[in-house]
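Novice: I would like the atomic coordinates for the input below:
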Amino acid sequence: MHRPLMLAAVLTFGTFAPQFVVANNPADTVLESEQVLSELMTIPAKQIPQRLMDDAQGIVIIPNVIKIGFIAGGRRGHGVVLVRDADGEWSLPQFVTLTGGSVGWQAGIQGTDVILVFTTRKGVEGLLRGKFTVGVDASVTAGPIGREAEIGTDATLRSEIYSYSRSRGLFLGVSLDGSALEIDYEAHNFFYGSRTGELPRRTPSSADQLRHFLAEVTSGHAAAPAVGGQAPNDRPAPVVPVRRLEAIRRSLNQNSAQLQAILSPEWRPYLALPKELLEPGHPVHLDSLATALKHFAQVNTSPDYQQLTERTEFQNTYELLREYEQALKSTRGALQLPPPPPHSNRE
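Specialist: Okay, here's the model as predicted:
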């Protein structure tokens with residue numbers, strides 16, 4: 001190898017290698033994991049299928065996996081795993097690390113969110129024993145995308161794990177064969193004040209919020225209502241949970257910012273979102289949403305603007321705007337309450 005090329009490889013890996021070994025703050029990991037989980041359910045055509053989420057036995061969420069490579073590549077991430085018990089209740093998050101490597105010409109550094117959906121108890125129990133190799137200790141398949149996607153029609157071929165990655169707002173199936181998952185005992189002790197397997201000395205509210213939100217999106221009722229405001233068979237559309245409404249708003253703002261970045265100055269006001277959408281907690285008027293949607297619809301149906309309407313930035317913003325309007329309609333008149341107390345005895 002030429003000396004300049006070798007030097008570049010050493011400098012590239014040496015510059016970023018410390019990020020592989022410095023642990024994230026566990027509290028930040030929990031908050032980032034909830035954000036990833038909330039955003040994966042916002043765009044129906046690009047989300048993990050609801051049926052797969054409903055049947056999941058365990059969910060691993062690893063925000064911002066760092067992938068580094070020039071001559072030899074690697075990846076490292078800190079995340080959480082939540083597991084269903086025999087009664088279908090989700091556990092508090094436990095901490096995990098993901099490490100893996102690959103060989104090839106992979107210049108640069110990349111941050112990607114990773115989600116692993118475990119469909120069997122065998123895979124989950126293998127992970128909880130401490131260390132687990134994806135694709136070796138359990139079969140893994142790049143997961144299907146979309147609310148109506150077919151999953152594992154042949155039971156003998158059904159994967160034990162479905163894997164996803166998210167980059168620039170899109171979830172895609174990804175191959176993670178050979179990656180190692182390990183329980184992070186140190187992070188668990190730091191966050192809960194007790195060792196793994198013992199009752200927590202403290203339960204931070206963020207851990208309970210993540211568990212409750214996962215319960216919401218795996219209940220079979222988390223799907224957004226159909227466009228038009230009515231669910232199938234003319235049943236009233238279900239009320240969208242407040243946290244999911246906020247997740248849609250957050251994703252809508254992120255995608256709108258990407259759209260605004262590619263527009264010329266005269267176009268930006270025309271496809272701008274209502275100002276009250278920019279800040280959480282501000283009441284959003286349905287009339288202002290309807291005006292914004294009208295602008296997007298007019299552009300979307302005109303062949304003159306095909307160059308714009310074929311862009312992902314436009315389609316994602318338009319779809320999220322429609323989702324937000326329908327979700328907001330479903331919450332009108334509903335009580336805006338926090339989750340019920342954990343382990344409540346309800347008939």
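
Novice: quick check: mean pLDDT across stretch 285-296?
Specialist: If you average the pLDDT over stretch 285-296, you get 93.

Novice: now it: buried residues?
Specialist: 289, 292-293, 296 (16 or more other C-beta atoms under 10 Å). (Each C-beta comes from the backbone N, C-alpha and C, glycine too.)

Novice: closest to Phe213 out of those?
Specialist: Leu289 (24.2 Å; C-beta to C-beta).

Novice: so what's the closest one closest to, chain neighbours aside?
Specialist: Nearest non-adjacent residue to Leu289, counting by C-beta to C-beta, 6 or more residues apart in numbering: Glu325, 4.8 Å away.

Novice: just flag the most distant two among the buried residues of stretch 285-296.
Specialist: For the buried residues of stretch 285-296, with distances taken as C-beta to C-beta, the pair at the greatest spread is Leu289 and Phe296 (10.6 Å).

Novice: shared neighbours, these two?
Specialist: Taking C-beta atoms under 8 Å, 6 or more residues apart in numbering as the criterion, Leu289 and Phe296 both touch Leu321.

Novice: for stretch 86-100, measure first residue to last.
Specialist: Using C-alpha to C-alpha, to the nearest Å, the end-to-end distance of stretch 86-100 comes to 31 Å.

Novice: picking that back up, mind putting the buried residues of stretch 285-296 into JSON lines with distance to Glu279 and secondary structure?
Specialist: Listed next are those as JSON lines, based on distance: C-beta to C-beta, whole Å; DSSP: H, G, I helix; E, B strand; the rest coil:
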{"residue": "Leu289", "distance to Glu279": "15", "secondary structure": "helix"}
{"residue": "Ala292", "distance to Glu279": "16", "secondary structure": "helix"}
{"residue": "Leu293", "distance to Glu279": "20", "secondary structure": "helix"}
{"residue": "Phe296", "distance to Glu279": "21", "secondary structure": "helix"}
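
Novice: okay, now the residue nearest to Leu289: neighbour count?
Specialist: 19 (other C-beta atoms under 10 Å).

Novice: double-check that it belongs to a helix.
Specialist: Yes - looking at Glu325 with DSSP: H, G, I helix; E, B strand; the rest coil, it is inside a helix.
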